[in-house]
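Chemist: coords please:
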Amino acid sequence: MNRAQGSGTRATFERWVMGDVPTMTAQEQDSTGMVRQIVASTPGAISYMAFSYVNKDVKTVKVDGVAPTEANVHSNRWHIWAYEHMYTRGAAKGLTKRFIDYVMSDQVQQTLVKQMGYIPINDMQIVRDVNGRVTRQ
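Modeler: Predicted structure coming up:
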């Protein structure tokens, strides 16, 4: 695993792929762009990155016969995904609540989020709680 300790990407991979199997530390990188460059230029290299970073220089691989596609994330057939997070101290209110509501709005989710290559949360057909339990929406 070449993502730096504390990386959300690394935590997602370790939880949903590795489970209880410890990962080996190798050439740790903070930058997903650098990870893509290393994988693209190193024969046999493999790593994990957000769909938004996949381009012609790297190829995706199926896991247990399931391709990494948006449709498979929406339905949880592709298990290697995580939510982005926003944290507040206590319940959000005032401008903070307005900002979070704006970010979660269809206006942002269906335009900016998609333009950045990420999956809008309101496209998900399932919900995964903090304990990993998945339920249909």
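Chemist: Phi and psi next, for Val63.
Modeler: Note on Val63: its backbone torsions stand at phi -120, psi 120 [degrees, to the nearest 10].
Chemist: Dig out what it forms beta bridges with.
Modeler: Val66 (DSSP bridges).
Chemist: burial measure for it, as a count.
Modeler: 14 (other CB atoms under 10 Å). Placement of C-beta: from N, CA and C, glycine included.
Chemist: Quickly list the domain ranges of the protein.
Modeler: Following automatic domain parsing, one gets these domains for the chain: 1-82, 85-137.
Chemist: In this structure Ile100 contacts Ala91, no?
Modeler: No: judged on CB atoms under 8 Å, Ile100 makes no contact with Ala91 at a distance of 10.7 Å.
Chemist: Looking at those two, which one has more neighbours?
Modeler: Ile100 (13 against 7).
Chemist: Over to the more buried one. Which of the three states is it?
Modeler: helix (DSSP: H, G, I helix; E, B strand; the rest coil).
Chemist: Skipping adjacent residues, who's closest to it in space?
Modeler: Nearest residue to Ile100 in three dimensions, chain neighbours excluded: Ala92, at 5.3 Å (CB to CB, 6 or more residues apart in numbering).
Chemist: how many neighbours does Ile119 have?
Modeler: 20.
Chemist: need the helices for the chain, in chain order.
Modeler: Ranges of helices in the chain, per DSSP state H, are 8-13, 32-41, 70-74, 94-104, 106-107, 114-115.
Chemist: Put together JSON lines for these, with mean pLDDT and distance to Arg136 on each row.
Modeler: Formatted as JSON lines, the helices of the chain follow (pLDDT from 0 to 100; distance: least, CB to CB, whole Å):
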{"stretch": "helix 8-13", "mean pLDDT": "70", "distance to Arg136": "21"}
{"stretch": "helix 32-41", "mean pLDDT": "88", "distance to Arg136": "30"}
{"stretch": "helix 70-74", "mean pLDDT": "94", "distance to Arg136": "11"}
{"stretch": "helix 94-104", "mean pLDDT": "96", "distance to Arg136": "20"}
{"stretch": "helix 106-107", "mean pLDDT": "94", "distance to Arg136": "20"}
{"stretch": "helix 114-115", "mean pLDDT": "92", "distance to Arg136": "23"}
